[in-house]
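1. would you be able to build a 3D model of this:
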Amino acid sequence: MESYRELPPNLPVPEDDGAAAHLRGARLPGIALASTSGEEIDLAIAAEELLVLYVYPSTGVPGKPMPDGWDEIPGARGCTPQNCAFRDLDTELRGRGARLHGCSSQPLSEQREFAERERISYPLLNDSDLRLADDPGLPTFAVEGRRLYKRLTMIVRGGEISDVIYPVFPPGSDAAQALALL
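-> Sure thing, here's the model as predicted:
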């Protein structure tokens, strides 16, 4: 059984390809996304507050192999460590007045199973339709016929993206960086 909590050695380091350069100063769109809590969460309303929104490609699913070559794709591996790092800093982030959400295009049923298994205390958002790839233009990559989000973290103040952490390496380091930016 593969461990999704641990990162294998020698993962390729993602390079800044400029795909997130346009995000700073952009506004989050007024779209509602399904969440692991069962409710739809409107990003525009969530972003009126101080929001930390981290984005990840796809967490591992026990018994289901990752796509071929997953570990060779820069920035693909590490969604479980990233989610767990944010989970572990949730109290500190909320203490600074931030609302926290993770977001992925991974199927909602897989996100729900993951959130329960890893005890994620806040709702993860589902964007299977990749609406955020269109507006505000979150970067994506393709693997095995699927389009997934690249890993990044945004701090949104009053609806406007004020800070972007991209690329993220090692996965999970963005949680402490986001806390420091707050």
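2. helices and strands of the chain: which one bottoms out on pLDDT?
-> Lowest on mean pLDDT, DSSP states H and E among the helices and strands of the chain sits helix 43-48, with a mean of 83.
3. which stretches of the protein form strands?
-> Along the chain, counting by DSSP state E, strands occupy 32-35, 40-42, 50-55, 98-104, 124-126, 140-143, 146-149, 152-157, 160-165.
4. any idea of the angle the longest one forms with strand 152-157?
-> Spelled out, that is strand 98-104. Counting by axes from the mean of the first three to the mean of the last three Cα atoms, to 10 degrees, strand 98-104 lies at 150 degrees to strand 152-157.
5. for strand 98-104, packing partners?
-> Strand 98-104 is packed against strand 50-55, helix 79-95, strand 124-126, strand 146-149, with contacts defined by 3 or more Cβ pairs under 8 Å, 6 or more residues apart in numbering; DSSP states H and E. (C-beta placed from N, C-alpha, C; glycine too.)
6. which stretches of the protein have low pLDDT?
-> 1-5 (pLDDT under 70).
7. residue closest to the middle of the protein?
-> V55 (1.8 Å; Cα atoms, centre = their mean).
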